[in-house]
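Student: The following block contains a protein sequence and its predicted model.
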Amino acid sequence: MRKMMELYRGKTKTLYSTDQPDLLVLEFRDDISALDGKRVDQFNRKGLINNKLNYFIMSHLQKAGIKTQIKELYSHNATLVKNLKMAPLEFVLRNRAAGSLVKRLGIKEGTALCPPVFDLFLKNDDKHDPMVNSSYCRTFGWVSSDHLSRMREITFQTNKILNTLFSEIGLILVDFKLEFGIFQNEVILGDEFSPDSARLWDQKTFHKMDKDLYRQTQVGLIEAYEEVANRLGVNLD
Ligand code: UDP
């Protein structure tokens with residue numbers, strides 16, 4: 001499989017075409033960003049760690065019956081993926097209060113949310129990813145009602161599978177964001193699952209092991225991401 005043209009450069013990942021139209025190369029760069037892309041930095045090895053972590057977690061979800069975009073590892077910092085038609089939406093599930101929920105509602109960070117809270121955002125940095133709901137999706141035609149329900153259903157299934165996975169390695173899955181696309185009229189989990197797009201806290205110490213380290217202190221980010229990978233048994237060589 002040959003990597004060809006750069007198709008899309010996001011804040012932390014780049015998509016390339018290949019010699020097969022149905023397949024793309026998803027490259028994880030060492031970049032990290034916050035504040036809708038206004039703050040950007042680089043961390044050595046971050047691309048490699050997130051690529052391997054994402055591949056491990058997506059493979060785990062796939063084995064549990066969730067269809068994902070991944071085909072195979074392409075290199076240390078890239079994965080061969082199916083070419084999906086992405087929905088411009090972010091599906092967020094929260095098991096504990098953190099981030100924007102704390103800011104919006106003034107709930108104490110760490111409060112357990114039972115049942116988990118589901119949020120839907122439009123993916124649009126210029127508009128600061130505004131919160132939307134199923135009615136907006138219908139009116140503006142971002143995704144069909146059937147596909148939206150399926151995406152929501154997979155988000156909850158993913159939560160169950162990953163809550164188990166992370167609790168087995170002493171981590172709390174606080175919240176996470178997923179993105180979906182359509183391939184041959186079927187909903188497929190796309191984009192990534194990594195500590196950039198999920199909050200993970202140590203069960204005993206409540207230490208943060210995710211992108212909040214960058215958002216808040218800028219200390220120990222790579223060490224924390226490596227620790228998550230090591231606990232999962234992901235080979236980072
Ligand atoms: N998230 C993400 N990309 C975004 C917004 C949020 O990956 O553009 C993730 C974030 O890392 C967290 C979850 O979605 O795990 C919920 O984020 P929240 O709404 O609390 O927003 P934040 O304050 O983190 O931007």
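Tutor: On my side now, so go ahead. Keep in mind that this is a model prediction, so the values were computed, not measured.
Student: residue ranges with poor pLDDT in the protein?
Tutor: For the chain, applying pLDDT under 70 flags no range at all.
Student: same thing but 90
Tutor: Segments of the chain classed as low confidence (criterion: pLDDT under 90) are 1-3, 34-38, 125, 217-219, 237.
Student: just so I have it, where are all the helices in it?
Tutor: 46-63, 99-105, 134-140, 145-168, 212-216, 221-232 (DSSP state H).
Student: for these, which one ends up most surrounded?
Tutor: helix 46-63 (a mean of 20; mean count of other CB atoms under 10 Å). Quick note: C-beta positions are derived from backbone N, CA and C, even for glycine.
Student: now the angle from that helix to helix 221-232?
Tutor: Angle of helix 46-63 versus helix 221-232, following axes from the mean of the first three to the mean of the last three CA atoms, to 10 degrees, is 30 degrees.
Student: Next, the angle from helix 46-63 to helix 145-168.
Tutor: Helix 46-63 and helix 145-168 are oriented at 110 degrees to each other (the same axes, to 10 degrees).
Student: and helix 46-63 with the ligand, contact?
Tutor: No: with CB under 6 Å from any ligand atom as the criterion, the ligand is not reached by helix 46-63; the gap is at least 11.8 Å.
Student: ok, for His172, nearest residue in space, not its chain neighbours?
Tutor: No, residue 172 isn't His; it's Ile. Nearest non-adjacent residue to Ile172, counting by CB to CB, 6 or more residues apart in numbering: Trp201, 4.5 Å away.
Student: picking up where we left off before, compare the helices of the chain and give me the one nearest Leu23.
Tutor: Of all these, it is helix 46-63 that lies closest to Leu23, at 15.2 Å by CB to CB.
Student: Find the closest residue to the ligand in the chain.
Tutor: Gly99 (2.2 Å; CB to the nearest ligand atom).
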